[in-house]
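**Q** Fold the following for me, if possible:
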Amino acid sequence: MSLKKLLGMESFPLEEREIMERIQTGFRNNLDEVEFSFNRRKVKVKLSHLAPEGMMKGYQDYYAK
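**A** Here you go, the predicted model:
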(Lines give C-alpha, C1' and ligand atoms only; values in the text may rest on other atoms or scores of the structure.)
Protein backbone atom coordinates (compact mmCIF):
# COMPACT_ATOMS: atom_id res chain seq x y z
CA MET A 1 0.00 0.00 0.00
CA SER A 2 1.36 3.42 -0.91
CA LEU A 3 2.01 6.23 1.56
CA LYS A 4 -0.43 8.52 -0.24
CA LYS A 5 -3.18 5.91 0.11
CA LEU A 6 -2.41 5.37 3.81
CA LEU A 7 -2.69 9.11 4.46
CA GLY A 8 -5.76 9.53 2.24
CA MET A 9 -3.88 11.86 -0.10
CA GLU A 10 -4.46 10.13 -3.46
CA SER A 11 -5.84 13.34 -5.02
CA PHE A 12 -2.97 15.55 -3.79
CA PRO A 13 -0.45 16.58 -6.49
CA LEU A 14 2.54 15.51 -4.37
CA GLU A 15 4.91 12.62 -4.86
CA GLU A 16 5.61 10.29 -1.97
CA ARG A 17 9.17 11.61 -1.89
CA GLU A 18 7.87 15.15 -1.30
CA ILE A 19 5.57 13.99 1.50
CA MET A 20 8.43 12.20 3.25
CA GLU A 21 10.70 15.25 2.86
CA ARG A 22 8.12 17.50 4.53
CA ILE A 23 7.61 15.01 7.36
CA GLN A 24 11.38 14.72 7.82
CA THR A 25 11.69 18.52 7.89
CA GLY A 26 8.99 18.58 10.57
CA PHE A 27 11.00 16.13 12.69
CA ARG A 28 14.16 18.22 12.25
CA ASN A 29 12.31 21.39 13.27
CA ASN A 30 10.69 19.67 16.29
CA LEU A 31 7.15 20.29 15.03
CA ASP A 32 4.20 18.50 16.60
CA GLU A 33 2.44 18.04 13.27
CA VAL A 34 2.80 18.60 9.53
CA GLU A 35 -0.23 19.78 7.57
CA PHE A 36 -0.90 19.16 3.90
CA SER A 37 -3.75 20.97 2.12
CA PHE A 38 -5.17 20.82 -1.39
CA ASN A 39 -8.60 21.85 -2.75
CA ARG A 40 -10.02 22.65 0.71
CA ARG A 41 -8.88 19.25 2.03
CA LYS A 42 -6.44 19.06 4.92
CA VAL A 43 -4.41 16.14 6.18
CA LYS A 44 -2.47 16.50 9.44
CA VAL A 45 0.33 14.11 10.30
CA LYS A 46 1.12 14.12 14.02
CA LEU A 47 4.79 13.56 14.78
CA SER A 48 6.12 11.59 17.73
CA HIS A 49 9.38 12.83 19.17
CA LEU A 50 10.56 9.55 20.70
CA ALA A 51 13.97 8.43 19.58
CA PRO A 52 13.35 4.75 18.73
CA GLU A 53 17.04 3.89 18.63
CA GLY A 54 17.46 4.99 22.26
CA MET A 55 14.22 3.66 23.74
CA MET A 56 15.53 0.23 24.72
CA LYS A 57 19.03 1.17 25.90
CA GLY A 58 18.32 0.20 29.50
CA TYR A 59 17.16 -3.28 28.46
CA GLN A 60 20.06 -4.06 26.16
CA ASP A 61 21.38 -6.90 28.35
CA TYR A 62 17.92 -8.38 28.86
CA TYR A 63 17.27 -8.81 25.14
CA ALA A 64 20.81 -9.99 24.38
CA LYS A 65 20.29 -13.20 26.40
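**Q** Spatially central, which residue of the chain would that be?
**A** Centroid-nearest residue in the chain, with C-alpha atoms, centre = their mean: residue 23, separated by 5.1 Å.
**Q** Report pLDDT for residue 65.
**A** Per-residue pLDDT puts residue 65 at 52.
**Q** Enumerate every residue touching the residue nearest to the centre of the chain.
**A** By C-beta atoms under 8 Å, 6 or more residues apart in numbering, the contact set of residue 23 is 34, 45, 47. (Glycine included, C-beta is placed from N, CA and C.)
**Q** try it again with 10 Å
**A** Residue 23 sits next to 3, 7, 31, 33, 34, 36, 45, 47 when contact means C-beta atoms under 10 Å, 6 or more residues apart in numbering.
**Q** Take those and keep only those in strands.
**A** Secondary structure defined by DSSP state E assigns 33, 34, 36, 45 of the contacts of residue 23 to strands.
**Q** tell me which residues in the helix ranked longest in the chain are buried?
**A** In terms of residue count, the longest helix belonging to the chain (DSSP state H) is helix 16-28. Buried residues in helix 16-28, counted by 16 or more other C-beta atoms under 10 Å: 19, 23, 26.
**Q** Give me the distance from that helix to the chain's centre.
**A** Relative to its parent chain, helix 16-28 has a centroid offset of 7 Å by C-alpha atoms, centre = their mean, to the nearest Å.
**Q** neighbours around residue 29, how many?
**A** By other C-beta atoms under 10 Å, the residues close to residue 29 number 9.
**Q** Could you do residue 38 as well?
**A** For residue 38, the number of neighbouring residues by other C-beta under 10 Å comes to 12.
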